[in-house]
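**Q** Provided below are the primary sequence and the corresponding predicted coordinates.
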Amino acid sequence: MNCLKIRNLLYCALAVIPAIGLAGLGDIQSRIDEQVKAGGGRVTISAGTWVTGPIRLASNIELHLEKGAVLEFPDSPELYWDEASATMRPLVGALCSTNVSVTGSGTFLARADYWHGEAIRCKVEKIPRPRFIQFQDCRDVRLEGFRVRNSPSWTVHMLCSDNVVIRGLDMRSCGYNNDGIDLESVQGAVVEDCYIDAGDDAICMKSGKNEVGRLRARPTKDVLVRNCTVVNGHTLLGVGSELSGGIENIRLENCKVLGEVWRVLLIKTNYERGGYARNITVKGVKAARAKCAIFEITNGYSRWRNREKKYHTEIENVTVEDVVCEEAWRAYELVGDPEMPAKNITVRNCELKYASRGDSIAKNIEGLVVENVRSKADEFSVWCDDPDSLYECGAKAVFNVHSALTNGIAHVRLDNFGSKVLREFDVDLSKTRDFTVEGGRDIPGFLLLTVTCGKTVKRWGAAFSPAKISGGTPRPDDFVKFWYDAVRDYDRKVREDVKLERVDSLSTNGCDVYMLSLSDPKGRKVYGFLKEPSGDTTAPYPVHVTIPGAGPSSGTPAWKGGRKNIELMMNVHYYRPVLGEAKRGKVHNALQKEEDEYYNGLYPVARNPRYTLSGIASSREDYFYYGAILAINRAVNWLRRRPNVNPGEFTYSGGSQGGGMGLALVAINGKFKKAMFGVPALTAHLCHLIDGREAGWPRLVESQKPENQAAAIRNAPYFDGVNFASMITCPVAFSVGYTDTVAPPHAGYAAFNACPSRDKAMFGSVGFGHKISPVDSARMRTWLENCGKGMKMLRD
């Protein structure tokens, strides 16, 4: 439906609504209206999915959703158009009502394809998007216990309403402009125990925009926010920018951020707003990542027209204390109005464990108090002019470098994440501590900036059209047939001999742990560990499968799922792991050295003689991972047949070697429900042929002897994660580190782009190397939990 058609439709009479043809759209509203006529009461929605149009509540009405109840709202804009007000009605709303509530453990679900797609593209046509839940001019409001998914715009909007309680809501909507909770001109409110995953501000205080707010003259005040959890959002607490009516007496305490917010507290205004923000306290917050600063004041938020008359915003008595944040640009960035400086600003007892842009900033602040604020920065801070380090081919990236060192010579190199050097020079840090480096790409890929001074090394990456990155060579025509034939031949020639040995020392906390072994196609034993809950009173159980990163085998598996699932961890090596010994401890290092020496004797390489390179130049069947891939796939199929297993609930996660091996396993097996691949190795073996960019780990071709490289080039594509990814259709999540020199980010993107899954997500860790940042790890877990549940998920 194009923009013009929508615009014309919205100005038609409401008589067109019955033509939608969705039976029962007004049934729930009819029940509510009957209860209103009776003087009030509870309207209960029983378990099941109920398609409905907009719902209007009234005084003394409680809408209660029982467990399992889903109210589904179509994304047909004509359903919500209100001709009288020439705007959109909220999906759930109340106007001029007292003692009104929405409760229960059910779900409000909006179909959001239109709202998050064409409605945004048609923004220039002034087509509004409705709020999900909006109460206006109400009193004694209670929202408690329910879930909200996929809001068209703001999720919960309280407007000119008093005595509001919002408790225990689970709100997840990551589309454009999807605020979580907006309190506008609200007086007296408690927000507590809520779980919010938002595409914009998680919780925001407002009081009207410009002249509207000044004429309304109704501040938001006396608000307590506590014990809330935010996954993602632009702010944990936003104040403004629509604060023209004033905001005061706001307290947020004991909240946490699991993923990423742009700021923990942002007070935002400009010279059109006026108003005030005072007596604001944020206390006791634990945050994984603030994309910008933990605490920020800005007087230049959004665009505002030059005008002779300026409306200054009074900002005073703001305290941020007891905040711990894992990473952010800086602890605070406070820029007040030079003509009306912010007053009495306190930052106390805060810790920023990694400040990616160095020192904090404070300008135009009177009465700034900074006490016990700890902020750790690297010797070099690097960032791009695009905060996400994301560009299109042909554009120029500007790398900004700040040095905390005051002397020494810094060597600077900018390359194509490989052998092609774009710029290389030295900087005398006694003369300058701040400089920039520019560069671009015409071919999709990454740039890598490396700054070195003595033993100090700092890297930063930038992506160029990453959605177009390829693996360098096409998938072999017989790739799929080769692997299906390999599975068939293995099954025909080698008897299934899976053996379990109970490990008493690890069988604790109501779980039984076994060492698992089976033969590969050459009769070599592959080992792993199986954990399952004791007994089968709640069977069948879901199963989680993982393969460790490269290096020796592990004799001490780390389980993640407690007693609620079965876990299978498979090593790739052909020696028996020693129980209780660390993966990289003395015992396993010795066993690994022996294995490496044995296989290098069979298949010598030019450099770095490790198992990861062995046999690729001899034949596909001789490559080290060939047998492990088939054996682990067999172990998974064997496990799927066990009576205590739910065969439809297999998930996979693994990183590095485990990411690459996971791509092979999930592709060949074909029956996993969903999977995560962190910084995947064993991927894009031949991408160095494109433009000299770094090949994926383990540099399979370049490490062979010159006379063997042609054979390695022929065989490597059959063990390439990019080609395995092209077979995977289940929901998948990938992560890459933008400075990863082990499994370079272009290799991970090549696999991601090759994957045909319709439900996939990429999590790019800007500033991280060969590991998943704690924030992106949490975001990936959240994605894995929620994918396939009918909601739009955040994608980078």
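**A** Received the coordinates, thanks.

**Q** looking at this, residue 35 is in a strand?
**A** No - using DSSP: H, G, I helix; E, B strand; the rest coil, the secondary structure at residue 35 is helix, not a strand.

**Q** which regions of the chain sit below the pLDDT cut-off?
**A** 1-25, 121-127, 302-308, 536, 559-563, 788-796 (pLDDT under 70).

**Q** the helices in it, which residues?
**A** Assigned by DSSP state H, the chain shows helices spanning 3-10, 27-37, 118-121, 210-216, 479-493, 586-602, 624-640, 657-669, 688-691, 709-715, 721-725, 745-754, 774-786.

**Q** For residue 253, which of those is the nearest?
**A** helix 774-786 (21.9 Å; Cβ to Cβ). C-beta: built from backbone N, CA, C; applies to glycine.

**Q** how does the chain divide into domains?
**A** With domains defined by automatic domain parsing, the chain comprises 1-178, 210-223+234-377, 398-456+463-468, 479-786.

**Q** would CSV of these with distance to residue 187 be doable?
**A** Shown next, in CSV, are these (distance: least, Cβ to Cβ, whole Å):
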stretch, distance to residue 187
domain 1-178, 5
domain 210-223+234-377, 5
domain 398-456+463-468, 44
domain 479-786, 34
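
**Q** now those domains as TSV including distance to residue 193 and mean neighbour count?
**A** Compiled in TSV, the domains of the chain are given as follows (distance: least, Cβ to Cβ, whole Å; neighbours: other Cβ atoms under 10 Å):
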stretch	distance to residue 193	mean neighbour count
domain 1-178	5	18
domain 210-223+234-377	10	20
domain 398-456+463-468	38	17
domain 479-786	18	20
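
**Q** Tell me which of those domains lies nearest to residue 385.
**A** domain 398-456+463-468 (4.1 Å).

**Q** re earlier: can you lay out the helices of the chain as JSON lines showing distance to residue 161?
**A** Listed next are the helices of the chain as JSON lines, based on distance: least, Cβ to Cβ, whole Å:
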{"stretch": "helix 3-10", "distance to residue 161": "27"}
{"stretch": "helix 27-37", "distance to residue 161": "19"}
{"stretch": "helix 118-121", "distance to residue 161": "26"}
{"stretch": "helix 210-216", "distance to residue 161": "13"}
{"stretch": "helix 479-493", "distance to residue 161": "60"}
{"stretch": "helix 586-602", "distance to residue 161": "63"}
{"stretch": "helix 624-640", "distance to residue 161": "53"}
{"stretch": "helix 657-669", "distance to residue 161": "49"}
{"stretch": "helix 688-691", "distance to residue 161": "59"}
{"stretch": "helix 709-715", "distance to residue 161": "68"}
{"stretch": "helix 721-725", "distance to residue 161": "50"}
{"stretch": "helix 745-754", "distance to residue 161": "45"}
{"stretch": "helix 774-786", "distance to residue 161": "30"}
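
**Q** how about those helices, which one is nearest residue 183?
**A** Per Cβ to Cβ, nearest to residue 183 of these: helix 210-216, 13.7 Å.

**Q** Can you spell out which helices and strands pack onto the closest one?
**A** Where contact means 3 or more Cβ pairs under 8 Å, 6 or more residues apart in numbering; DSSP states H and E, helix 210-216 is not packed against any helix or strand.

**Q** got the CA coordinates for it in PDB?
**A** The C-alpha trace of helix 210-216 is given here as PDB (Å, rounded to 0.1, in the frame of the first residue of the first chain):
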ATOM      1  CA  ASN A 210       7.400  24.100  23.000                       C
ATOM      2  CA  GLU A 211       4.300  26.300  23.000                       C
ATOM      3  CA  VAL A 212       2.000  23.400  23.800                       C
ATOM      4  CA  GLY A 213       3.900  22.500  26.900                       C
ATOM      5  CA  ARG A 214       4.300  26.100  28.000                       C
ATOM      6  CA  LEU A 215       0.500  26.700  27.700                       C
ATOM      7  CA  ARG A 216      -0.300  23.500  29.400                       C
END
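
**Q** List the contacts of it.
**A** Contact with helix 210-216 is made by 160, 185, 207-208, 242-245, 272-275, 311, as judged by Cβ atoms under 8 Å, 6 or more residues apart in numbering.

**Q** ok, back up a step: for the helices of the chain, which one sits closest to residue 337?
**A** That would be helix 210-216 among the helices of the chain, by Cβ to Cβ, at 16.3 Å.

**Q** And the closest one, how far out from the chain middle?
**A** 37 Å (Cα atoms, centre = their mean, to the nearest Å).

**Q** And for stretch 70-87?
**A** 30 Å.

**Q** same check, this time on stretch 374-393
**A** 19 Å.

**Q** Would you map the strands across the stretch 451-600 of the chain?
**A** For the stretch 451-600 of the chain, the strands defined by DSSP state E, counting those that start in this stretch cover 456-464, 499-502, 511-519, 525-533, 541-546, 566-570.

**Q** got the ones you listed as TSV, with distance to residue 722 columns?
**A** Output for the strands of the stretch 451-600 of the chain, formatted as TSV (distance: least, Cβ to Cβ, whole Å):
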stretch	distance to residue 722
strand 456-464	17
strand 499-502	35
strand 511-519	28
strand 525-533	25
strand 541-546	21
strand 566-570	22
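
**Q** And residue 167, how close does it get to residue 225?
**A** Residue 167 sits 11 Å away from residue 225, going by Cβ to Cβ, to the nearest Å.

**Q** Equivalent analysis for residue 84, please.
**A** 34 Å.

**Q** next one: residue 684
**A** Taken as Cβ to Cβ, the span from residue 684 to residue 225 is 46 Å.

**Q** go on, residue 510?
**A** For residue 510, the distance to residue 225 - Cβ to Cβ - is 38 Å.

**Q** And for residue 29?
**A** From residue 29 over to residue 225 (counting by Cβ to Cβ), the distance is 32 Å.

**Q** do residue 435 as well
**A** For residue 435, the distance to residue 225 - Cβ to Cβ - is 42 Å.

**Q** ditto for residue 680
**A** 40 Å.

**Q** do residue 513 as well
**A** In terms of Cβ to Cβ, residue 513 sits 43 Å off from residue 225.
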